[in-house]
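Q: build me a model from this:
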Amino acid sequence: MNKIQNYVETVLQPKIQGDGGWVEFDSLDGKNLTLIFRGECSKCLILDRCVAWIEQQIKTDCNKTVKVTPVRKKPYFQDV
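A: Numbers count the residues shown, from 1 in each chain. Predicted structure coming up:
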C-alpha cells in the first residue's frame with residue numbers, strides 16, 4: 001500500500017465518514033489521484049470544496065501535490 005492510499009484510508013476516510021460520506025482510494029497515476037465518493041458524498045452539491053480540501057491535506061501532510069478526480073457512486077449499500 002502506498003503512502004497516499006494509506007493516508008486516504010486511515011486519515012481522510014474517518015473524517016468524511018463523520019459527515020455521512022465515504023471515500024475510497026481507486027488509483028494514483030503520477031499526480032492524478034482518483035477517489036470514489038459514496039454515501040452522502042455521492043449526492044453532495046459542494047463536492048468540489050471537499051476535493052480541494054483533500055488536495056490541500058495531502059500536500060500538507062504527505063508533501064505531495066496531486067490532482068483529485070472524483071468519481072461519484074451510489075451509496076455503498078445500494079451497490080450490492
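Q: and the lengthiest helix in the chain, which residues are buried?
A: Identified as the longest helix of the chain according to DSSP state H is helix 47-62. Buried residues in helix 47-62, counting neighbours by 16 or more other C-beta atoms under 10 Å, are found at 47, 50, 51, 54, 55, 58. Heads up, the C-betas are built off the backbone N, CA and C, glycines and all.
Q: just stretch 66-77 next, same as before
A: In terms of neighbour count (16+ other C-beta under 10 Å), stretch 66-77 has its buried residues at 66, 68, 70.
Q: how about stretch 24-38?
A: Those would be 24, 25, 28, 33, 34, 35, 36, 37, 38, for stretch 24-38 by 16+ other C-beta under 10 Å.
Q: could I get the helix or strand hosting the first one in CSV with only the CA atoms?
A: Assignment of secondary structure by DSSP states H and E places residue 24 within strand 21-29. Coordinates of the C-alpha atoms in strand 21-29 are reproduced here as CSV (Å, rounded to 0.1, in the frame of the first residue of the first chain):
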residue,chain,number,x,y,z
GLY,A,21,-19.9,10.3,3.4
TRP,A,22,-17.4,7.7,2.2
VAL,A,23,-14.3,8.0,0.2
GLU,A,24,-12.2,5.1,-1.3
PHE,A,25,-8.8,5.1,-3.0
ASP,A,26,-9.1,4.0,-6.6
SER,A,27,-5.8,4.8,-8.3
LEU,A,28,-2.8,7.0,-8.4
ASP,A,29,-1.3,7.6,-11.8
